[in-house]
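Peer 1: The sequence and its predicted three-dimensional model are supplied below.
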Amino acid sequence: MPEVQDIAKPHGPITLKNGWTVEVDKNICIGAGPCVGVAPKTFELDDEAKAVILSSCNEDDADTILNAARSCPVSAITIKNDKGEVVFPN
């Protein structure tokens, strides 16, 4: 099982190697889990059924991570580009 990127910030923000920043709003997340199905190297549900970002997140490509964010029924995942502009949700 992959490990959470940073125990102090399992929900992010985490900066990916492509410069994007990914963050999960755990107050919005309902634990539906499509993000895990789409990007299993990036997301996992924790003990509270909230999405967390894994240390293996750079193993998924940018399109996969973006599609995982788009799959969230409540838009709990925010992605920003290297300039801090919101890529998703937009």
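Peer 2: Received the coordinates, thanks. Numbers count the residues shown, from 1 in each chain.
Peer 1: remind me, longest helix of this structure?
Peer 2: Ordering each helix of the chain by length in residues (DSSP state H) puts helix 62-71 first.
Peer 1: Averaged pLDDT, that helix. What do you get?
Peer 2: Mean pLDDT, helix 62-71: 98.
Peer 1: That one: which residues count as buried?
Peer 2: Within helix 62-71, the residues scored as buried using 16 or more other C-beta atoms under 10 Å are Ile65, Leu66, Asn67, Ala68, Ala69, Ser71. Quick note: C-beta positions are derived from backbone N, CA and C, even for glycine.
Peer 1: Please apply the same query to stretch 16-36.
Peer 2: Going by 16+ other C-beta under 10 Å, stretch 16-36 has these buried residues: 16, 20-26, 29, 32-36.
Peer 1: helices and strands around the longest helix of the chain, which ones?
Peer 2: Contacts defined by 3 or more C-beta pairs under 8 Å, 6 or more residues apart in numbering; DSSP states H and E place helix 62-71 against helix 34-38, strand 77-80, strand 86-88.
Peer 1: Each with direction, which strands does whatever helix or strand comes next after the first one pair with?
Peer 2: Proceeding C-terminally, helix 34-38 gives way to strand 43-45 as the next helix or strand, assigned by DSSP states H and E. Strand pairing for strand 43-45, using DSSP bridges, gives strand 51-53 (antiparallel).
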